[in-house]
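1. Provided below for reference: sequence and predicted model.
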Amino acid sequence: LYNFNIIDISIMDGTLSSVLISVLIIIAGSLLLYFGAEGLVRGSSSMAFRFKITPLIIGLTIVAFGTSSPELVVSITSALKGNGEIALGNVIGTNICNIAFILGLSSLIRPIKVNIKLITSDILLMLIASALFLILLLDGEISFTDGIILTSGIIAYIVWTIFEAKKTKYITDSDTFAQELPKATKRLIFDIILIAGGLLILVLGADLFIKGAIDVARMFGATDAFIGLTLVAFGTSLPELATSLVAAIKNEGDISIGNVVGSNIFNILGIIGIAGILIPIRANNIQTIDVGVMIFVAILILPLAWSKLKLERWEGALLLTIYFGYIYYLYLQLPK
């Protein structure tokens with residue numbers, strides 16, 4: 001009996017050590033994703049300034065793209081490695097996390113005022129993008145053609161956003177807008193180093209992050225779909241979480257909700273679009289309920305935001321309850 005106890009303890013120690021190593025790999029991957037995105041944004045913004053591109057265009061394209069680059073690189077890397085469920089689960093889970101968790105937590109900290117223009121334009125576009133995603137996924141795959149359709153959508157969205165922003169007086173004030181952007185470096189070579197280094201670090205970070213997440217989840221019998229919908233989705237949402245929480249604390253609610261809605265649109269149209277062009281993505285274990293919850297919270301945010309043009313604390317609590325209820329449902333689906 002004593003010997004069996006020793007064996008049990010040694011096995012347990014080995015499992016705990018493996019979990020600890022995998023968790024450390026996830027943390028390292030997350031840090032690399034963060035710093036890689038920072039380098040990419042700084043280098044790209046600096047180069048854009050150098051070639052006389054306006055701060056408005058930089059902010060609405062390069063910076064917006066850079067902050068979503070962790071999701072993009074993780075999804076593309078997963079798809080190319082044959083883990084299509086992680087790629088799809090990442091986007092679906094991230095979109096749920098962005099609204100139900102990040103926006104819920106932000107409005108719980110401080111009620112968020114909502115600009116009516118955001119409701120009548122971006123939130124509606126997010127709903128249209130979500131519906132389009134559902135239609136294209138009905139055959140269980142995002143094909144090359146589907147990828148072209150989605151990518152065309154993100155290009156049209158960026159062009160439309162720039163056109164609309166130029167009509168808004170306070171955004172076209174270049175001096176004010178430029179203060180929010182990274183400054184130009186002293187030499188072009190530094191821009192190239194930042195861009196190339198940022199991309200390399202992003203790829204390395206994505207590889208580590210996916211490996212660690214898969215190792216941890218599979219130790220507990222989780223599927224690729226579960227990994228993408230939970231661990232990977234939450235990890236790649238950290239930049240949006242940090243941005244929204246800081247904005248909420250500073251009472252800049254428009255940034256919180258604008259950040260989330262814009263990210264969700266880019267995730268569907270840009271990330272899945274580009275990944276689909278590179279390689280067909282099959283949704284083997286992605287369930288209808290997963291896409292359903294993503295669309296449900298996207299629809300739910302419309303009446304919540306429309307009511308008094310503010311997200312109240314109780315509404316934030318409701319969103320958080322939905323998120324944790326969904327995560328608990330996914331947990332119950334794991335093989336016992």
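-> Happy to help now that I have it. Numbers count the residues shown, from 1 in each chain.
2. Nearest residue to residue 70 in space, please, no chain neighbours.
-> residue 33 (4.1 Å; CB to CB, 6 or more residues apart in numbering). The way it works is simple: take the backbone N, C-alpha and C, and place the C-beta from them, glycine included.
3. Repeat that for residue 30.
-> residue 235 (5.5 Å).
4. pLDDT score assigned to that neighbour?
-> You'll see residue 235 listed with a pLDDT of 76.
5. From what I see, it and residue 26 are in contact.
-> Yes - contact status for residue 235 versus residue 26: in contact at 6.8 Å, counting by CB atoms under 8 Å.
6. Can you check which residues contact both of the two?
-> Common neighbours of residue 235 and residue 26, counting by CB atoms under 8 Å, 6 or more residues apart in numbering, are 209, 213.
7. what about the residue nearest to residue 70, how many residues close to it?
-> For residue 33, the neighbour count with other CB atoms under 10 Å is 27.
8. what are the ranges of the strands in the stretch 51-200 of the chain?
-> 112-113, 141-142 (DSSP state E, counting those that start in this stretch).
9. Parallel or antiparallel, which strands does the first one pair with?
-> With DSSP bridges as the criterion, the sheet partners recorded for strand 112-113 are strand 310-311 (antiparallel).
10. average pLDDT for the partner strand?
-> Strand 310-311 carries an average pLDDT of 86.
11. Helices of the stretch 151-300 of the chain, start to end?
-> With helices called from DSSP state H, counting those that start in this stretch, the stretch 151-300 of the chain shows them at 174-178, 188-219, 224-227, 233-236, 238-249, 253-266, 272-278, 288-306.
12. Show the pLDDT at residue 24.
-> Residue 24 carries a pLDDT value of 87.
13. so how far is residue 232 from the residue lying closest to it once chain neighbours are set aside?
-> Closest residue to residue 24 apart from its sequence neighbours, by CB to CB, 6+ apart: residue 212 at 7.6 Å. Residue 212 sits 10 Å away from residue 232, going by CB to CB, to the nearest Å.
14. So those two - more neighbours on which side?
-> For residue 212 versus residue 232, the count of surrounding residues by other CB under 10 Å is larger for residue 232: 33 against 23.
15. which residues touch residue 241?
-> 101, 102, 105 are the contacts of residue 241 under CB under 8 Å, 6+ apart.
16. make it 7 Å
-> Residue 241 is in contact with residue 102, counting by CB atoms under 7 Å, 6 or more residues apart in numbering.
17. how about low-confidence regions in the chain?
-> 1-16, 48, 51-67, 165-186, 243, 252-255, 336 (pLDDT under 70).
18. ok, the residue nearest to residue 24 - contacts?
-> 22, 23, 25, 26, 29.
19. Select only the buried ones of those residues in PyMOL?
-> Buried residues within the contacts of residue 212, by 16 or more other CB atoms under 10 Å, are selected in PyMOL with:
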select buried, resi 22+25+26+29
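20. Which members of the contacts of residue 212 are positioned in helices?
-> 22, 23, 25, 26, 29 (DSSP state H).
21. Distance to residue 271 for those - can I get that in JSON lines?
-> Putting the ones in helices among the contacts of residue 212 into JSON lines (distance: CB to CB, whole Å) gives the following:
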{"residue": "22", "distance to residue 271": "25"}
{"residue": "23", "distance to residue 271": "25"}
{"residue": "25", "distance to residue 271": "23"}
{"residue": "26", "distance to residue 271": "20"}
{"residue": "29", "distance to residue 271": "18"}
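22. And these, which is closest to residue 44?
-> Proximity of these to residue 44 was ranked by CB to CB; the top entry is residue 29 with 22.0 Å.
23. so what's the closest one closest to, chain neighbours aside?
-> residue 209 (3.0 Å).
24. wait, the one you found sits on residue 36?
-> No - checked against CB atoms under 7 Å, the pair residue 209 and residue 36 is beyond contact range at 10.9 Å.
25. and those two? which has more neighbours close in?
-> Set residue 209 next to residue 36 and count neighbours by other CB under 10 Å: residue 209 wins out with 27 against 24.
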